[in-house]
Each structure stands twice: as C-alpha cells, then as structure tokens.
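**Student:** Need a 3D model of the following:
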Amino acid sequence: MKNAFYQYIQELQDRITSKLEHLDGKAKFQEDIWKRPEGGGGRTRVIENGNVFEKGGVNISGVHGKLPKSMQAYFKVGDVDFFACGLSLVLHPKNPMVPTVHANWRYFEMYDEDGSIIDSWFGGGQDLTPYYLFEEDATHFHQTCKTACDKHNPDFYPTYKKRCDEYFYNAHRNEGRGIGGLFFDYCKTSSNMTMKNWYNFVTEVGDSFLEAYVPIVEKRKDLPYSDAHRNWQEIRRGRYVEFNLVHDKGTLFGLKTNGRIESILMSLPPHVQWVYDHQPESGSEEEKLLKVLASPKSWV
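**Tutor:** Residues are numbered from 1 along each chain as shown. Purely as a prediction, here's the structure:
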C-alpha cells in the first residue's frame with residue numbers, strides 16, 4: 001500500500017504544480033530534493049511572486065525510522081518503527097478576492113520489531129480560507145468535496161465536513177480558520193472499508209482538488225482590489241499563521257520527527273499583520289466574513 005500511495009502522490013504533485021504554473025502564467029515552482037538523516041526525504045516545490053500566487057508550496061515526503069519518543073507518547077505505543085508519506089499544499093494568492101487553500105493527503109504505518117505492520121491508516125482533506133466571501137465559491141468548493149465523497153459513502157461528506165469545521169478552528173479566537181471542506185484521519189480497516197477502499201477514497205479526494213479550487217481562482221484573480229482589501233488580507237493571514245503554529249498536528253509531527261523546517265513552514269504567508277484589537281466596520285464585507293467564521297455553515 002505504501003508504495004502505491006507514494007507513487008500516487010508523486011504523480012499528483014506533478015499534475016497540480018503543472019496546472020498551477022499554467023494558471024499563474026509567470027512564476028515557476030522551485031524544486032528542492034531533501035534527505036532526512038534518520039531515513040527518507042521529500043520533494044519540496046515552492047512558487048513565489050507570481051501573477052496569481054504570492055507564495056505557495058506543493059510538497060511530498062516519505063519518511064521512516066524509529067518513532068521518536070515524543071510521538072510514542074502521542075500514539076500511546078512503545079519503541080516502534082514507522083513510515084509516513086503524504087502530499088501537503090498551501091497556496092496564498094496575491095489578490096485578496098482569491099482564497100487561500102490548503103490540502104493534505106497522507107498514509108502512515110507502524111511496525112513491530114519483526115517488521116510486521118501493527119497499525120496503518122490514511123488521513124487528509126482540503127479546506128478553503130477566503131478573505132472576502134463569495135458564497136457561490138464556497139458552494140462550488142463544498143459541492144466538489146461532496147461529489148467525491150458520495151461516490152464512496154453518503155455519510156462521508158457530512159461527517160468529514162463537520163470534523164473539518166472542528167479541526168480548523170482557532171479556539172483562542174473563537175472562530176474558524178476558514179469555511180472548511182473535508183478533514184479525515186485514522187481511516188483504518190473496518191467491517192465495511194478495506195485499506196484498498198480507503199486508498200480509493202483518499203485518491204478520489206486528491207483527484208478532486210484542482211476541480212474544487214482552480215475555477216474559483218480563474219473567476220476571481222483579475223478582480224480589482226484596493227490597499228484596504230490587501231490590508232484586511234494580511235490581518236486575516238495572521239490568524240492563519242496562528243493556527244498553523246499553535247494548533248496544527250501536521251506542523252507538530254514534522255517538528256518532532258526532525259522534518260525539513262523550510263518545507264514544514266512553507267505554509268506561512270510572506271506578508272502578515274497583527275493589528276491590536278482590529279474590528280471591521282459594521283455591515284462591511286469584512287464583518288460578513290467574520291460572522292460566517294464564528295459559526296459553521298452548511299454550503300450544500
């Protein structure tokens with residue numbers, strides 16, 4: 001399974017970066033191949049200062065070795081070996097009318113001293129973080145997610161949409177990071193889902209990413225915007241940074257397993273603001289966004 005999924009994310013990375021370069025029309029992805037001393041490595045691709053994308057990364061990794069003591073406690077296991085691979089992406093567009101997007105699809109195995117698999121699971125998802133809310137864009141993104149889920153189980157979309165709303169939540173701010181999408185984890189063999197079934201589901205969601213996001217970018221990337229719009233975008237990006245550094249489990253896992261720092265922190269935007277006690281004007285588009293972030297909404 002791990003070989004099949006690692007092959008898949010390599011191909012998906014190629015597909016996504018090729019499409020995004022075409023969409024941007026100016027910037028190209030810079031590629032870094034890196035090795036992890038304890039075992040494995042990855043392929044980081046970063047795009048910067050483009051016509052459309054101010055900064056973004058589409059990264060894959062496959063790492064293995066002894067599970068660090070700090071992660072043993074987290075997973076409630078002893079001295080075991082592990083393998084983890086996945087694709088993680090974050091795109092920060094220049095135009096504030098275009099939302100930031102995040103996606104991740106991953107696979108994990110743990111082994112006993114004989115090398116036998118003692119646990120394995122899939123995880124992942126994709127979610128949207130707008131700065132200005134276009135409800136038709138939110139509906140399109142969620143409908144694409146739902147369509148992918150419904151091909152496998154009609155319960156998946158409502159279940160994983162709810163988990164996304166709960167996970168990508170800045171509890172210290174009492175607001176969502178964005179308008180959600182899908183979030184699933186610890187997808188294991190069960191009475192009605194084999195690991196092959198989970199592989200088919202996760203790759204279905206991965207394949208849906210470009211369909212979910214690219215039409216939104218194409219529709220919004222050339223809209224006019226002012227310095228005030230840009231200012232609001234940078235303030236909201238601050239909340240994005242807060243989530244990634246305070247709450248995100250993927251960031252924590254990378255830091256505790258000696259991952260490549262530049263790849264882990266590529267999710268952070270280049271221009272951010274923290275303005276003391278900033279409050280948008282009553283009745284403004286900015287306030288409209290905050291009201292939606294305060295309480296998850298059904299989009300489809």
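**Student:** For stretch 217-236, which outside residues touch it?
**Tutor:** Outside stretch 217-236, the residues that touch it by C-beta atoms under 8 Å, 6 or more residues apart in numbering are 23, 51-52, 93, 95-99, 129, 131-132, 134, 137, 269, 271-275, 278, 280, 286, 289. For every residue, glycine as well, the C-beta is placed using N, CA and C.
**Student:** For ChimeraX, write a command that selects the buried ones of those.
**Tutor:** Here is the ChimeraX command that picks out the buried ones among the contacts of stretch 217-236, judged by 16 or more other C-beta atoms under 10 Å:
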select :23,52,93,95,96,97,98,99,129,131,132,134,137,269,272,286,289
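**Student:** List the ones among the contacts of stretch 217-236 that fall in helices.
**Tutor:** Per DSSP state H, helices hold the following members of these: 23, 137, 286, 289.
**Student:** Averaged pLDDT, stretch 161-174. What do you get?
**Tutor:** Across stretch 161-174, pLDDT averages out at 96.
**Student:** Next, the buried residues of it.
**Tutor:** 161, 163-165, 167-170.
**Student:** swap in stretch 130-143?
**Tutor:** Buried, per 16+ other C-beta under 10 Å, within stretch 130-143: 130-134, 137-138, 140-142.
**Student:** ok, back up a step: inside helices: which ones of the buried residues of stretch 161-174?
**Tutor:** With DSSP H as the criterion, helices contain 161, 163-165, 167 from among the buried residues of stretch 161-174.
**Student:** possible to save those as a markdown table with distance to residue 152?
**Tutor:** Listed next are those as a markdown table, based on distance: C-beta to C-beta, whole Å:
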| residue | distance to residue 152 |
| --- | --- |
| 161 | 14 |
| 163 | 16 |
| 164 | 17 |
| 165 | 20 |
| 167 | 20 |
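**Student:** Show residues contacting stretch 146-165.
**Tutor:** 125, 127, 142, 145, 176, 180-185, 197, 200-201, 204-205, 207-208, 296, 300.
**Student:** show me where pLDDT drops low in the stretch 201-300 of the chain?
**Tutor:** Scanning the stretch 201-300 of the chain for pLDDT under 70 picks out no residues.
**Student:** Run through the helices of it in chain order.
**Tutor:** 227-246, 249-256, 261-264, 285-294 (DSSP state H, counting those that start in this stretch).
**Student:** For those, give me a markdown table that also has distance to residue 84.
**Tutor:** As requested, these are exported to a markdown table (distance: least, C-beta to C-beta, whole Å):
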| stretch | distance to residue 84 |
| --- | --- |
| helix 227-246 | 19 |
| helix 249-256 | 8 |
| helix 261-264 | 13 |
| helix 285-294 | 31 |
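**Student:** So which of the ones you listed is nearest residue 57?
**Tutor:** helix 261-264 (7.3 Å; C-beta to C-beta).
**Student:** For residue 207, see how far away residue 97 is.
**Tutor:** Note on residue 97: its distance to residue 207, by C-beta to C-beta, to the nearest Å, is 27 Å.
**Student:** again, but for residue 136
**Tutor:** Taking C-beta to C-beta, one finds residue 136 at 23 Å from residue 207.
**Student:** Kindly report the same for residue 262.
**Tutor:** For residue 262, the distance to residue 207 - C-beta to C-beta - is 28 Å.
**Student:** in the sheet, who's paired with residue 181?
**Tutor:** Beta bridges link residue 181 to residue 127, judged by DSSP bridges.
**Student:** That one and residue 127 touch, don't they?
**Tutor:** Yes: between residue 181 and residue 127 a contact is recorded at 3.8 Å, counting by C-beta atoms under 8 Å.
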